[in-house]
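Peer 1: Structural data only, the sequence is not supplied:
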């Protein structure tokens with residue numbers, strides 16, 4: 001995780017502080033689009049679509065933070081963590097399902113429905129808001 005954070009910081013710095021910044025950003029965006037197309041070939045995504053607004057992305061992240069710090073979430077997650085019948089691997093899988101189901105429900109409220117919506121929202125976060133200080137500060141709390 002530290003290596004990934006370091007990479008993101010250096011990439012952001014290169015985009016913001018070098019003459020080649022716009023070219024580096026375009027390559028970063030194209031790499032993500034290529035990766036998504038390769039990994040999810042059956043999804044019908046329109047990469048030319050305008051990204052959601054920064055305000056909307058902040059609302060989505062804020063709601064996710066509220067959700068994963070709620071008493072209900074902690075109660076539901078505690079049931080998984082404290083279940084002696086589940087292996088560590090099963091607990092990890094169940095926790096991931098719990099978080100992603102809640103994440104998808106929040107994103108659906110903003111028009112990101114189903115698998116395509118989930119991928120499109122994540123793409124917006126990674127491609128269009130890469131390095132945004134406000135978004136980064138919120139995302140690190142998730």
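Peer 2: Received, thanks. Just so we're clear, the structure is a prediction, and the values are computed from it rather than from any experiment. Residues are numbered from 1 along each chain as shown.
Peer 1: what comes into contact with the host helix or strand of residue 102?
Peer 2: If you go by DSSP states H and E, residue 102 is part of helix 88-108. For helix 88-108, contacts defined as Cβ atoms under 8 Å, 6 or more residues apart in numbering pick out 60, 63-64, 67-68, 73, 76-77, 80-81, 83, 86, 113-114, 117-118, 121. To be clear about C-beta, it is placed using only N, CA and C from the backbone, and glycine gets the same treatment.
Peer 1: Tell me the buried residues in it?
Peer 2: Neighbour counts over helix 88-108 (16 or more other Cβ atoms under 10 Å) mark 94, 98, 99, 102, 103, 104, 106, 107 as buried.
Peer 1: What of stretch 49-56?
Peer 2: Buried-residue list, stretch 49-56, by 16+ other Cβ under 10 Å: residue 52.
Peer 1: By mean pLDDT, point me to the weakest helix or strand of this protein.
Peer 2: helix 133-141 (a mean of 73; mean pLDDT, DSSP states H and E).
Peer 1: Are there helices or strands packed against that one, and which ones?
Peer 2: Applying 3 or more Cβ pairs under 8 Å, 6 or more residues apart in numbering; DSSP states H and E, one finds that helix 133-141 contacts helix 54-68.
Peer 1: Helix or strand next in line after the helix it packs on, which one?
Peer 2: Remark: after helix 54-68, the chain's next helix or strand is helix 71-81, criterion DSSP H and E.
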